[in-house]
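Novice: Need a 3D model of the sequence below.
(one chain, ligands or ions: 1)
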Amino acid sequence: MIELKSAREIGLMRRGGHILSEVMDRLRTSVKPGMSTLEIDTDVEEFIRARGAVPAFKGYRGFPATVCISINEEVVHGIPSAHRHVKEGDIVGLDLGCIVEGYYADCAFTLAVGDVPPRVHELLDVTRESLEKGITECRPGRRLSDVSHAIQTHVERHGFAVVRAFVGHGIGRALHEEPQVPNFGDPGRGPQLRPGMVLAIEPMVTMGSWEVKILDDGWTAVTRDGSLAAHFEHTIAVTDSGPEVLTSKTGGSARAA
Ligand code: MG
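Specialist: Residues are numbered from 1 along each chain as shown. Predicted coordinates for the structure are as follows:
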């Protein structure tokens, strides 16, 4: 069953989402070559707590940190470490969530550190655009798989691949609620979207094959072929007038967030 959220509940998720939006702005300028991923994580945790929110991932199923930091061929769920340093030319996926008065918000984006080749920039652009295409479908009357299809179509048109093993999700009083939101599939299937549904949509896109494996740490997912991967995510409320991006201060497109 997909739980519909009240205006009050969406308001709490918007508060969390706006905090995450500020964190993303901060990370865009603060992440520099030479920083350890643990330094990044510590800074974000302090920032979130200083605003009265609680990091959503720390302790979730035993995850030890505030931010999942996934570099280059790492797709998602990378664990911050004092021994892992960001380098010029890396692409760094930063996935984070927070809780305000019991309600969750979740977002992610991938950052190029310094110069990267044009095709790698394209990977980031196409992944972000595919999220925007999915968000556009988040309106009453559309079916869930219309979101999935919009994402997959955009990604594959540009010669990239969509990861199958991880999907987006409903979100609210829990980080992961019904429904699952795949980033692939035929249109016109699944439940109809209704006002009050809140979805975390999160395309994970690779430059090679869509297949992934989990490293021995039990968390970090990497591409099987070692190709680079990007990840963008927003928390979106379906409203009568269309999608509201709760993890954007403008409520609008992923690009504006
Ligand atoms: Mg998520």
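Novice: okay, CA-based contacts and neighbour counts for the rest of this
Specialist: Will do.
Novice: if I pick Gly188, what's in contact with it?
Specialist: Arg142, Arg143, Leu144, Ser145, Asp146 (CA atoms under 8 Å, 6 or more residues apart in numbering).
Novice: ranges for the helices of the stretch 101-250 of the chain?
Specialist: Along the stretch 101-250 of the chain, the stretches classed as helices by DSSP state H, counting those that start in this stretch are 118-136, 144-157.
Novice: what about the longest helix in this structure?
Specialist: Assignment by DSSP state H gives helix 7-30 as the longest helix of the chain.
Novice: pLDDT of the helix or strand following it, averaged?
Specialist: Once the chain leaves helix 7-30, the next helix or strand it forms, by DSSP states H and E, is helix 37-50. Averaging pLDDT along helix 37-50 yields 98.
Novice: export the helices of the stretch 101-250 of the chain to CSV and tack on distance to His176 and mean neighbour count?
Specialist: Shown next, in CSV, are the helices of the stretch 101-250 of the chain (distance: least, CA to CA, whole Å; neighbours: other CA atoms under 10 Å):
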stretch, distance to His176, mean neighbour count
helix 118-136, 18, 21
helix 144-157, 16, 23
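Novice: Go through those helices and name the closest to Leu4.
Specialist: The closest of those to Leu4 is helix 144-157. By CA to CA, the value is 14.6 Å.
Novice: which helices and strands sit right next to that closest one?
Specialist: helix 118-136, strand 161-162, strand 177-181 (3 or more CA pairs under 8 Å, 6 or more residues apart in numbering; DSSP states H and E).
Novice: which regions of the stretch 51-200 of the chain sit below the pLDDT cut-off?
Specialist: For the stretch 51-200 of the chain, applying pLDDT under 70 flags no range at all.
Novice: just to revisit the earlier point, so which bits of the longest helix of the chain are buried?
Specialist: 9-10, 12-24, 27 (16 or more other CA atoms under 10 Å).
Novice: ok, back up a step: include distance to Leu4 when you put the contacts of Gly188 into a markdown table, please.
Specialist: Output for the contacts of Gly188, formatted as a markdown table (distance: CA to CA, whole Å):
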| residue | distance to Leu4 |
| --- | --- |
| Arg142 | 16 |
| Arg143 | 15 |
| Leu144 | 15 |
| Ser145 | 18 |
| Asp146 | 19 |
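Novice: Dump the helices of the stretch 101-250 of the chain into TSV; add distance to Thr223 as well.
Specialist: Output for the helices of the stretch 101-250 of the chain, formatted as TSV (distance: least, CA to CA, whole Å):
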stretch	distance to Thr223
helix 118-136	14
helix 144-157	16
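Novice: of all these, which lies closest to Phe47?
Specialist: helix 118-136 (24.7 Å).
Novice: That closest one versus helix 144-157: what angle between them?
Specialist: Here the directions of helix 118-136 and helix 144-157 differ by 160 degrees (axes from the mean of the first three to the mean of the last three CA atoms, to 10 degrees).
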